[in-house]
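1. Starting from these lines, generate the structure:
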Amino acid sequence: MAGTRGHFENGVWVEEKIPDEPSKGGAAKAEEMEKKIDQVSTDFSRVMGNIVGLARDLVTTEEGHKVIQKKIDEAGKNIDAAIKDMVKEARKSVKPEGAKEEKKNIKVG
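-> The predicted structure follows:
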């Protein structure tokens, strides 16, 4: 039983076949996997080229500078609006000076 694979069936050890070499289907699957790897590698290289080209255009052209400035301005407006909202909410939660503190009656029992 040493070096074999199997299982007990009705109290008897039944050996299972251990393939010595991968089947031909395995070679076809490996070839398909290699094709997928090549395709993904090609796609990745193309995408990286596009990203580098876009970055170059944004940094080196007048149109790119305008796009960057527009995004910066939009971000600034969003930050300004968020700060104004926070200040507004903070003012609601702060009591004005000299305001009387209301006492609330709590019923016990």
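2. Which parts of this protein are helices?
-> 24-60, 62-93 (DSSP state H).
3. Mind putting those helices into JSON lines with distance to residue 12?
-> Every C-beta, even on glycine, is put in place using the N, C-alpha and C of the backbone. JSON lines is the format used below for those (distance: least, Cβ to Cβ, whole Å):
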{"stretch": "helix 24-60", "distance to residue 12": "31"}
{"stretch": "helix 62-93", "distance to residue 12": "75"}
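4. Mind telling me which of the ones you listed the model trusts least?
-> For those, mean pLDDT drops lowest on helix 24-60, to a mean of 91.
5. Helix 62-93 and that helix, what's the angle between them?
-> 90 degrees (axes from the mean of the first three to the mean of the last three Cα atoms, to 10 degrees).
6. Which positions within helix 24-60 qualify as buried?
-> Buried positions in helix 24-60, judged by neighbour count with 16 or more other Cβ atoms under 10 Å: none.
7. Can you spell out which helices and strands pack onto it?
-> helix 62-93 (3 or more Cβ pairs under 8 Å, 6 or more residues apart in numbering; DSSP states H and E).
8. counting contacts, what elements does the helix it packs on pack onto?
-> helix 24-60.
9. where does the helix it packs on sit relative to the chain's centre, distance-wise?
-> 20 Å (Cα atoms, centre = their mean, to the nearest Å).
10. Repeat that for stretch 51-64.
-> Using Cα atoms, centre = their mean, the offset of stretch 51-64 from its chain centre is 25 Å.
11. quick one, domains of the chain?
-> 24-60, 62-93 (automatic domain parsing).
12. want to try CSV for the ones you listed, with distance to residue 104 as columns?
-> Shown next, in CSV, are the domains of the chain (distance: least, Cβ to Cβ, whole Å):
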stretch, distance to residue 104
domain 24-60, 59
domain 62-93, 18
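13. Looking at the ones you listed, spot the one closest to residue 105.
-> domain 62-93 (23.4 Å; Cβ to Cβ).
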